[in-house]
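# Take a look and give me a structure for this.
(chains A and B)
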Amino acid sequence: DTAVSQTPKYLVTQMGNDKSIKCEQNLGHDTMYWYKQDSKKFLKIMFSYNNKELIINETVPNRFSPKSPDKAHLNLHINSLELGDSAVYFCASSGTGGGFVITGELFFGEGSRLTVL
Amino acid sequence: KQEVTQIPAALSVPEGENLVLNCSFTDSAIYNLQWFRQDPGKGLTSLLLIQSSQREQTSGRLNASLDKSSGRSTLYIAASQPGDSATYLCAVKRVTSGSRLTFGEGTQLTVNP
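From the prediction side, this is the model:
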């Protein structure tokens, strides 16, 4: 029944490792996002895909690489993890109101807490 | 650049009280504004979405208003309950930002029994 689901929920790893977080939505939305929530609880967008096409790429290190195999899935791969990557990563999705601008409501997953030691 | 500010940062009230959370944004050219709640260790749950053409939205004990010209939104919670304790975030989608949402830093609400 879960609308936006992401795995794993918790991830603890060593510096320098590579890890992936997966996200799937069953809402029929065509736009998906990755947000990062830092230790101060501030949420900031990282990437957005619309129908498998990258439409937002904020100033994120290129160690972060999103991949969208289809419009229901958006995965995030992180290479050479650093201490500063520790955060909660949220996947979200929304429907389009038509055209490029997404006017619909945003639905979030439960988050993936990444801890880099 | 859009900036979103939420006041107060934290609020503690006794059960049963009506309360108002505030959100202000600097760029009034918005598509919509969305209020969320976040429980500790959880994701964000959408509460209300107000399109730019709307003045308010209601859901149960929640009422959100939008005044685009002054760059303000309020979330009114009637007859607060301990279960309302959470962090409340507002987020704004600007006309020029594509699908980006800009979030405020949230108001942490505690409702005491």
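# OK, contacts around residue B:70?
By C-beta atoms under 8 Å, 6 or more residues apart in numbering or on different chains, residue B:70 lies in contact with residue B:28. C-beta here means a position set from N, CA and C on the backbone, and glycine is covered the same way.
# Residue A:79 versus that one, what's the distance?
Counting by C-beta to C-beta, to the nearest Å, the gap between residue B:70 and residue A:79 amounts to 45 Å.
# how about the residues of chain B near chain A?
Listed as neighbours of chain A in chain B under the rule C-beta under 8 Å from any C-beta of the partner chain: B:31-32, B:34, B:36, B:41-46, B:49, B:51, B:87, B:89, B:91, B:93, B:95, B:98-101, B:103, B:105-106.
# Now with 6 Å, please.
Residues of chain B lying close to chain A by C-beta under 6 Å from any C-beta of the partner chain are B:31, B:42-44, B:46, B:49, B:99-100, B:103, B:105.
# Including secondary structure and distance to residue A:92, could these go into a markdown table?
Listed next are these as a markdown table, based on DSSP: H, G, I helix; E, B strand; the rest coil; distance: C-beta to C-beta, whole Å:
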| residue | secondary structure | distance to residue A:92 |
| --- | --- | --- |
| B:31 | strand | 16 |
| B:42 | coil | 14 |
| B:43 | coil | 9 |
| B:44 | strand | 8 |
| B:46 | strand | 10 |
| B:49 | strand | 13 |
| B:99 | coil | 10 |
| B:100 | coil | 12 |
| B:103 | strand | 11 |
| B:105 | coil | 18 |
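# Now, of those residues, which are buried?
Among the residues of chain B next to chain A, those classed as buried by 16 or more other C-beta atoms under 10 Å in any protein chain shown are B:31, B:43-44, B:46, B:49, B:99-100, B:103, B:105.
# Need the max-distance pair from those residues.
Of all pairs drawn from these, the greatest distance, 22.5 Å, lies between B:31 and B:43 (C-beta to C-beta).
# remind me which residues of chain B are low pLDDT?
B:96-99 (pLDDT under 70).
# Can you show me the strands along it?
Using DSSP state E, the strands found in chain B span residues B:4-7, B:10-14, B:19-25, B:30-38, B:44-51, B:56-59, B:62-67, B:72-77, B:86-94, B:102-103, B:107-112.
# Let's have the ones you listed in CSV, adding distance to residue A:91.
CSV is the format used below for the strands of chain B (distance: least, C-beta to C-beta, whole Å):
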stretch, distance to residue A:91
strand B:4-7, 21
strand B:10-14, 28
strand B:19-25, 24
strand B:30-38, 15
strand B:44-51, 11
strand B:56-59, 24
strand B:62-67, 25
strand B:72-77, 25
strand B:86-94, 16
strand B:102-103, 15
strand B:107-112, 24
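# Of all these, which one is nearest residue A:32?
Across those, closest to residue A:32 is strand B:44-51 (C-beta to C-beta), at 14.7 Å.
# What is the end-to-end distance of stretch A:90-107?
Terminal residues of stretch A:90-107 are spaced 10 Å apart (C-alpha to C-alpha, to the nearest Å).
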